[in-house]
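Participant: Just need the structure, nothing else, for what follows:
(chains A and B)
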Amino acid sequence: MLKYLIRRLILMIPVVIGMTVIVFLILHLAPGDPVDLIVGPNVTPEVYENIRRRLGLDQPLIIQYLKFMKSVIKGDLGVSILQERPVIELILERLPVTLQIGFAGFLITFVIAIPTGILAAVNRNTIIDYSCMTGAMLGISLPTFWFGLLLMYFFAYKMRLFPISGYGSLKHLVLPAFALGLTNAAITARMVRSSMLEVLRQDYIRTARSKGLAERVVIYQHALKNAMIPIITLMGLRLGWIIGGSVMLEIVFSIPGLGRLIVESILSRDYPVVQGSMIVLTSSIILANILADILYAVVDPRIRYN
Amino acid sequence: MLEKRFVKILAVLMILSFVSVAVLGGCSKAPETSQPSQGEEKQEKKEKVLVIGYDRDAEILDTIKTAWYSDALIYIHDRLVSRDYDFKYKPGLAKSWDVSEDGLTWTFHLREGVKFHDGSPFTAKDVKWTIDTIKDPNTGSPYRNDLKAIKEVIVKDDHTIVMKLNYPFPNLLFNLSNTASGIHPANAYEKYGDDYGKKIVIGTGPFKFKEWVKGDRIVLEKNEEYNWGPEWMSNRGPALIDKIVLRTIPDENTRIMELETGGIHILRNVPVAHLERLEKNPDIQVYRGPATKLGYLAYATDKKPFTDVRVRRAINHAVNREEIINYVFRGVGEVAYGYLPPALKDEYLEESKDLAYNYNPEKAKQLLAEAGYPDGLKLTLSADNSSRSQKLAEVLQSQLKEVGIETEIQLYDSASYKAMLKEGKQELFIRQYSWPNADILDWFLLSSQMPYPNHSRWNDPKTDELIKKAASMPTWEERAEAYKEVQKYLIEQAVWCPIYIPEQIIAVRKEVKNFKYHPWMLQYNDGFDMMVE
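Facilitator: Residues are numbered from 1 along each chain as shown, chains lettered A, B, ... in the order given. Predicted structure coming up:
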C-alpha cells in the first residue's frame, strides 16, 4: 500500500507539469497584454519595453516557461504583475476562505444526503422515496449560483436572518455553504440511495435479517457501511471540485476566495497569479483523488493496492 | 498490517491539514463585514461608519503606480488644487498660485501647518518628489504622460514650489487636481519599501488608510488632525464620520440587495434597470445628474469604406439616438450630438445639436449610394461583452440594416478588446469614455496616439493642428474657445458617431445625513454625517 501511495505521488509530478505547459501556452497565446493593463495606453515605447523586460515578458516563451518552473522548484511561485506581491501570499490569503466554504458545504452535503438517501432506499417506491428523489432532481438541475442568489434573496434580503454578502464571521458562511452543500447533496443522495438499494439486495443482508437482528441494526451497521464505499470515493473526488465550483458563489456572495482570484487574474492577464494558482489547484485535486483512493482501501478491507 | 495503519494515519493527517488550512487561515481574518446597523457590541460610543459599495477592488493603492484609481485614494491624499461644487479649480494644498506672463512658470504657495498621516510635516520637497517620481520613466507611472507639460519642478523654500513648463498649459490645474496627483511624503518608496501601496499608504487627507482585505474591503479612518480643508467646504476640519469602508461586491444584484438592506449606504453607478425600484424605496434617496461620459460608435477611418466622409456621415444619419436612449437606457440619459459631454460647461460646443446629423435613413442611403455603395455594406461591429454594450450593438445592428449596412456583432472581454484595437482589426465598434476634460479629444484623436488609444485611426493634419493649438492656449477661456473649434471640425468630418450621454445615478440610504452632490467625487469630509442607533 505504501508503495502504491508513493507511486501515485510520483505520478502527480508529470500531471502537474503537463498542466503548467497547457496553462502557460493558453495564457501567453491568448490576446491581451498585462503590461498594457498596468502602464495605461499612453506610454512611450521605451517605458513599455522597460517594463516588459523587467517582467521577463520579452524572452521567448520556452525561456519564460523554464525560468518559471525553475523558481517553482525552489518554492517561489512568482510575483503578481498587477499587485506586485508574491503569488504565494495571495494564494494563502484566499485559499482558506474557499476551503472554509467548501468544507462547510461538504458537511452539509454529508448531513443531508446520507439520511435522505437511506430514507429513500429503505422506503423504496413510496411517497417518501419519490419526494426525496424529486428534491434531488431539483438540486441537480439548479445551477449553484442561482440557488445561492435564491437563498440570499429569501433568507438574507427578505428575512434578514443572515448578512447578504461579504466574509468574516460564521454567519457569512452559512448561505454560500448551503448553496454549495445542497446542490452537491442532490447528486450524493441519489448515489446513496442506489448504493443502499444494491447492498440491501445482497445475501448477507438477508442472513442478518433472518438472524433476527433489529432492522435498524441491519441498516446502519451492516448495509450502510458497505454502501458507503462508493460514496466515500465520490465525495473524495468531489473534494477537488470545491475550488472550481465556488467561483460563481464567490462572485455572488462577494467572498474573497481563490476561485474569484483565478478568474479575475485571467481577465486581467496576471500570468504569475494564474500559473501559481493553477499549480495549487491541480495539486489539490490530485491529492484529493489520492486521498479518496486511500480512504477506499482503508474502509474496505477487501481492497488491496499492490 | 503496520503498513495499513500507517496509511490510515497518513489519510487522517491529510484531511486534518486541509481542514486546518481552512480553519487557521480564516482565524487570522479581521472582524466581519457585518451590517453597520448591528453595531459593535463592545463600543460605548457608537462609531459612525459609512459603507460604500463598488464592483471591483483596487490592485495597488498607490496613485503613482496604479492605472485604476480607487475612491479610497481621493480621501487618503490631498492635491495641490481642489475642485468645488461647480467644478471650478480652487486652492488645495496650494493656497494660491501665480503664472508668469509667458505662461511658462507657475509658482505655487503651499499651505502651512499641514501634516502627513505619519506625522511628518508637508513641505515643497514632498511635491517635488511626487511629481518627479511620476515623471520618472523607471517608475512606469500611467500618469506620466499627463504631466508632460511640466519640464522641471524647483523647491524655492519649504512652502513655495515652482514648476517650469515646456509650453503654456492652463489645463495644468485639471491635472494637478486629479486623483493621480495626490501628494506623497518625499522618498516614500525608500522609507516604506515594498509595503507602500499595499500595507501602508501615507497622505495628508481627511481619512487615513487603516486596513485592506484584498477582494473584500478597504477601511479608512478619520484623520483627527485634519484642519486644512479647502475654503469652499463648510467643514474644513476633521470629518464627522469615523470610518469609511469601501466594500468590493462584484455582483450587481448583490450590490443592490446590500443597499436595500443597509449593508452599504451609498452606491454610485446604479444600473438603470433598478432605478425605478430604488426610487420607490422610502429608505433610499436617488440623486441624478448628467455624467461626464459619452458613448459612441466609431470606425477605422483609415480603411475603406470609412475613408470617405460621405460614408461616415451616412452612418451618423442612420442611427436613431432617441430610440437607443429609450430602449437601451430606459429613457435615462441624453442624446449625444457632439464629442464632449454638455456637463463640461466651459468647453462644450453649444451648437453641437444644430451641426450634428439628424436621424434620416433616406439621406443615409443616398450618401452611401453617392459614395459608391448603392447595394449597402457588410461590416463587423465590435463591442465589449457588458450587457449594456450587447444591447446597444443589437439595436445599432437593426438600425444599420435599415440603410443597407449588414453587420456581424463580435463581443470581447476588455483585455482582448484592447489587444484587438491595438492590432487594428476593427471596422465598426462601440466605445464609451468617462472623463471630465476636453483633453479627452487629444487622447483619442491626435495622430500621434495611433493605433491606441486613437482607435479610430484618425490621421488628419488639420485635427492635429487645431488640437495642439487648443491645448497650448495661454488662458483657460481661450483654450475653451479653441476646443470648440476642434469639436466643430470633428462634427463636420463625422469622425465618430456620438450616441448617448449617460446619467450619473447615486443612491443614498436615509442613514446618511447632509448628503451633498458633487460633480466630480463626493466630499465625505464636508459635513457628511451618519445616523447611529
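
Participant: Next one: residue A:40 from residue B:242, what distance?
Facilitator: 35 Å (C-beta to C-beta, to the nearest Å). Heads up, the C-betas are built off the backbone N, CA and C, glycines and all.

Participant: Sorry, wrong one. I was asking about residue B:489.
Facilitator: 52 Å.

Participant: now swap in residue A:175 and tell me
Facilitator: From residue A:175 to residue B:242 the distance is 29 Å (C-beta to C-beta).

Participant: which one of those two has more residues nearby?
Facilitator: Per other C-beta atoms under 10 Å in any protein chain shown, whichever of residue A:175 and residue B:242 has more neighbours is residue A:175, with 27 against 19.

Participant: quick one, what contacts the more buried one?
Facilitator: Counting by C-beta atoms under 8 Å, 6 or more residues apart in numbering or on different chains, residue A:175 touches A:148, A:151-152, A:155-156, A:162, A:253.

Participant: Distance to chain B, secondary structure and pLDDT for these - can I get that in JSON lines?
Facilitator: Converted to JSON lines, the contacts of residue A:175 look like this (distance: C-beta to the nearest C-beta, whole Å; DSSP: H, G, I helix; E, B strand; the rest coil; pLDDT from 0 to 100):
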{"residue": "A:148", "distance to chain B": "10", "secondary structure": "helix", "pLDDT": "91"}
{"residue": "A:151", "distance to chain B": "12", "secondary structure": "helix", "pLDDT": "94"}
{"residue": "A:152", "distance to chain B": "7", "secondary structure": "helix", "pLDDT": "94"}
{"residue": "A:155", "distance to chain B": "12", "secondary structure": "helix", "pLDDT": "94"}
{"residue": "A:156", "distance to chain B": "7", "secondary structure": "helix", "pLDDT": "93"}
{"residue": "A:162", "distance to chain B": "10", "secondary structure": "coil", "pLDDT": "93"}
{"residue": "A:253", "distance to chain B": "7", "secondary structure": "coil", "pLDDT": "93"}
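
Participant: ok, the residue most central in space within chain A - contacts?
Facilitator: Centroid-nearest residue in chain A: residue A:242, 1.7 Å away (criterion: C-alpha atoms, centre = their mean). Neighbouring residues of residue A:242 by C-beta under 8 Å, 6+ apart: A:98-99, A:101-103, A:105-106, A:180.

Participant: how does it look with 6 Å?
Facilitator: Neighbour list for residue A:242: residue A:102 [criterion: C-beta atoms under 6 Å, 6 or more residues apart in numbering or on different chains].

Participant: again, but for the one 5 residues further on
Facilitator: If a contact means C-beta under 6 Å, 6+ apart, then residue A:247 has A:259, A:263 as its contacts.

Participant: rerun at 8 Å
Facilitator: Residue A:247 neighbours (C-beta under 8 Å, 6+ apart): A:259-260, A:262-263.

Participant: Which members of those additionally contact chain B?
Facilitator: When the contacts of residue A:247 are checked against chain B using C-beta under 8 Å from any C-beta of the partner chain, the ones in range are residue A:260.

Participant: Of the contacts of residue A:175 - the most surrounded one?
Facilitator: When neighbours are counted by other C-beta under 10 Å, residue A:253 leads these with 31 neighbours.

Participant: what's the distance between that one and residue B:249?
Facilitator: 9 Å.

Participant: Quick check: the residue of the stretch 1-150 of chain A nearest chain B.
Facilitator: The minimum distance from the stretch 1-150 of chain A to chain B, using C-beta to the nearest C-beta, falls at residue A:96 (2.1 Å).

Participant: Neighbours of that residue, how many?
Facilitator: 22.

Participant: Am I right that it falls within a helix?
Facilitator: Yes: assessed by DSSP: H, G, I helix; E, B strand; the rest coil, residue A:96 belongs to a helix.

Participant: residues touching the residue positioned nearest the centre of chain B, list them.
Facilitator: By C-alpha atoms, centre = their mean, chain B has its centre lying nearest to residue B:434, at 6.0 Å. Neighbour list for residue B:434: B:291-293 [criterion: C-beta under 8 Å, 6+ apart].

Participant: Quick check: residues of the stretch 401-533 of chain B near chain A?
Facilitator: B:413-416, B:418-420, B:422, B:443, B:449, B:452-453.

Participant: Now rank those residues by neighbours and give me the top one.
Facilitator: Compared across those, residue B:418 has the highest neighbour count, 22 neighbours, by other C-beta under 10 Å.

Participant: Apart from its neighbours in sequence, what residue is nearest that residue?
Facilitator: Closest residue in space to residue B:418, ignoring its immediate chain neighbours: residue A:36 at 6.0 Å, by C-beta to C-beta, 6 or more residues apart in numbering or on different chains.

Participant: Can you report how many residues lie near that neighbour?
Facilitator: Number of residues near residue A:36 (other C-beta under 10 Å) recorded here: 19.

Participant: Quick check: buried residues in the helix or strand hosting residue B:397?
Facilitator: Per DSSP states H and E, residue B:397 falls inside helix B:387-402. In terms of neighbour count (16 or more other C-beta atoms under 10 Å in any protein chain shown), helix B:387-402 has its buried residues at B:388-390, B:392-397, B:399-400.

Participant: Tell me how far the residue nearest to residue B:472 when sequence neighbours are not counted lies from residue A:40.
Facilitator: Leaving out its chain neighbours, the residue that sits closest to residue B:472 by C-beta to C-beta, 6+ apart is residue B:167, at 4.7 Å. Per C-beta to C-beta, residue B:167 is found 22 Å from residue A:40.

Participant: Strands of the stretch 201-350 of chain B, start to end?
Facilitator: Assigned by DSSP state E, counting those that start in this stretch, the stretch 201-350 of chain B shows strands spanning B:207-213, B:217-222, B:243-248, B:266-268, B:284-290, B:293-299, B:334-335.

Participant: May I see those arranged in CSV, with distance to chain A as well?
Facilitator: Shown next, in CSV, are the strands of the stretch 201-350 of chain B (distance: least, C-beta to the nearest C-beta, whole Å):
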stretch, distance to chain A
strand B:207-213, 7
strand B:217-222, 8
strand B:243-248, 6
strand B:266-268, 13
strand B:284-290, 14
strand B:293-299, 15
strand B:334-335, 27
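
Participant: Need the ones you listed in JSON lines (columns: mean neighbour count and mean pLDDT).
Facilitator: What follows is those, written out as JSON lines (neighbours: other C-beta atoms under 10 Å in any protein chain shown; pLDDT from 0 to 100):
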{"stretch": "strand B:207-213", "mean neighbour count": "20", "mean pLDDT": "96"}
{"stretch": "strand B:217-222", "mean neighbour count": "23", "mean pLDDT": "96"}
{"stretch": "strand B:243-248", "mean neighbour count": "23", "mean pLDDT": "95"}
{"stretch": "strand B:266-268", "mean neighbour count": "21", "mean pLDDT": "93"}
{"stretch": "strand B:284-290", "mean neighbour count": "16", "mean pLDDT": "92"}
{"stretch": "strand B:293-299", "mean neighbour count": "23", "mean pLDDT": "96"}
{"stretch": "strand B:334-335", "mean neighbour count": "17", "mean pLDDT": "94"}
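
Participant: so can I have JSON lines of those showing distance to residue A:57?
Facilitator: Shown next, in JSON lines, are the strands of the stretch 201-350 of chain B (distance: least, C-beta to C-beta, whole Å):
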{"stretch": "strand B:207-213", "distance to residue A:57": "27"}
{"stretch": "strand B:217-222", "distance to residue A:57": "29"}
{"stretch": "strand B:243-248", "distance to residue A:57": "28"}
{"stretch": "strand B:266-268", "distance to residue A:57": "35"}
{"stretch": "strand B:284-290", "distance to residue A:57": "41"}
{"stretch": "strand B:293-299", "distance to residue A:57": "29"}
{"stretch": "strand B:334-335", "distance to residue A:57": "43"}
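
Participant: Out of these, which gets nearest to residue A:28?
Facilitator: Each of the strands of the stretch 201-350 of chain B has some distance to residue A:28 by C-beta to C-beta; the shortest is strand B:243-248, at 28.3 Å.
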